[in-house]
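K.L.:
Sequence and predicted structure below; questions after.
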Amino acid sequence: MNPNLHRTGFILGVFLLAVSGAQAGNFSLELMTGTAYNFPTPLVVHQAGYPDIQLTAQYDTEPFSPYTPYYAWRISLWDRDQAWEFEQIHHRLFLTNPPPEIQDFSIHYGYSFFFFGHAWKTGDYILHLDIGPVITSPENVVRGQGFQTYNKGLLDSGYYLSGLGIQTALSRNFNVWDSVFVVGDIGLIGGWAWWVPISNGSADVPTLGLHFHIGTGLGF
């Protein structure tokens, strides 16, 4: 898949924080891996010429696949105990209870959240509250009709602007050396991707999950 979207997201995050940070501040950058527990959520599939498929979907994340694994990164601009932040979370969804009409349904190249929000230090912990768009890159087979994202979507990149997400998270940093730290993070993240393409139709794919992150960070 085209990696330009991820590079663009990083550049956009730096730009937004630079604009918001007219006052001098301290930056931090965190790179994380992780996984998620996905709560069962409704899934509705619309396909031309057929009745809608409706079910309570169960998803696996399969976070450590060698192809586009689960990851997250966050860049923050701090002013004392508060910060503006930009974060991308590259989430993955694999439907584990498909009905007979659905042979395959996955969004493993990214059910990606691009969050802009605020953070507050409270003692040893940091509280995050963020909102932003959901961009998806799906693959699926519904009623024998396959859909792949190659050379489609935004700028033929295989990605689609599909909806909106929100997160509340709690993290803690553990200093390792000078400006280097280890970060642990748990977040409740909800997304509503109301337009995920399938062959001759679309799917309405909300998600709600507990996300767990661990990684390293730099302060500068």
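P.N.:
Looks like it arrived, so ask away.
K.L.:
can we go C-alpha only for contacts and neighbour counts from here?
P.N.:
Fine.
K.L.:
ok, for residue 207, nearest residue in space, not its chain neighbours?
P.N.:
Sequence neighbours aside, residue 191 is the residue nearest to residue 207 in space, at 5.1 Å (criterion: C-alpha to C-alpha, 6 or more residues apart in numbering).
K.L.:
which residue ranges form the strands in this structure?
P.N.:
Remark: strands assigned in the chain by DSSP state E are 26-38, 41-47, 53-57, 59-60, 71-79, 82-95, 102-122, 125-136, 139-142, 145-147, 160-177, 180-198, 201-219.
K.L.:
Could you dump those into a markdown table and include distance to residue 154 and mean pLDDT?
P.N.:
Below are those laid out as a markdown table (distance: least, C-alpha to C-alpha, whole Å; pLDDT from 0 to 100):
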| stretch | distance to residue 154 | mean pLDDT |
| --- | --- | --- |
| strand 26-38 | 26 | 96 |
| strand 41-47 | 21 | 98 |
| strand 53-57 | 26 | 98 |
| strand 59-60 | 25 | 98 |
| strand 71-79 | 22 | 96 |
| strand 82-95 | 17 | 97 |
| strand 102-122 | 14 | 96 |
| strand 125-136 | 10 | 98 |
| strand 139-142 | 16 | 97 |
| strand 145-147 | 16 | 96 |
| strand 160-177 | 6 | 96 |
| strand 180-198 | 12 | 97 |
| strand 201-219 | 16 | 97 |
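K.L.:
So which of those is the most surrounded?
P.N.:
Compared across those, strand 82-95 shows the largest average neighbour count, a mean of 23 (mean count of other C-alpha atoms under 10 Å).
K.L.:
Report all helices and strands that that strand contacts.
P.N.:
Packing partners of strand 82-95 (3 or more C-alpha pairs under 8 Å, 6 or more residues apart in numbering; DSSP states H and E): helix 4-20, strand 59-60, strand 71-79, strand 102-122.
K.L.:
which residues touch the residue nearest to residue 207?
P.N.:
Residue 191 makes contacts with 134, 163-166, 206-208, as judged by C-alpha atoms under 8 Å, 6 or more residues apart in numbering.
K.L.:
Equivalent analysis for residue 45, please.
P.N.:
By C-alpha under 8 Å, 6+ apart, the contact set of residue 45 is 52-54, 201-204.
K.L.:
Adding distance to residue 70 as columns, could you present those residues in CSV?
P.N.:
Output for these, formatted as CSV (distance: C-alpha to C-alpha, whole Å):
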residue, distance to residue 70
52, 30
53, 28
54, 27
201, 27
202, 24
203, 22
204, 22
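K.L.:
I'd like the distance between residue 54 and residue 141.
P.N.:
16 Å (C-alpha to C-alpha, to the nearest Å).
K.L.:
re the thing from before, got JSON lines for the contacts of residue 191, with distance to residue 77 too?
P.N.:
Formatted as JSON lines, the contacts of residue 191 follow (distance: C-alpha to C-alpha, whole Å):
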{"residue": "134", "distance to residue 77": "23"}
{"residue": "163", "distance to residue 77": "26"}
{"residue": "164", "distance to residue 77": "23"}
{"residue": "165", "distance to residue 77": "21"}
{"residue": "166", "distance to residue 77": "20"}
{"residue": "206", "distance to residue 77": "30"}
{"residue": "207", "distance to residue 77": "29"}
{"residue": "208", "distance to residue 77": "28"}
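K.L.:
Out of these, which is nearest to residue 218?
P.N.:
Using C-alpha to C-alpha, residue 166 comes nearest to residue 218 of those, at 25.0 Å.
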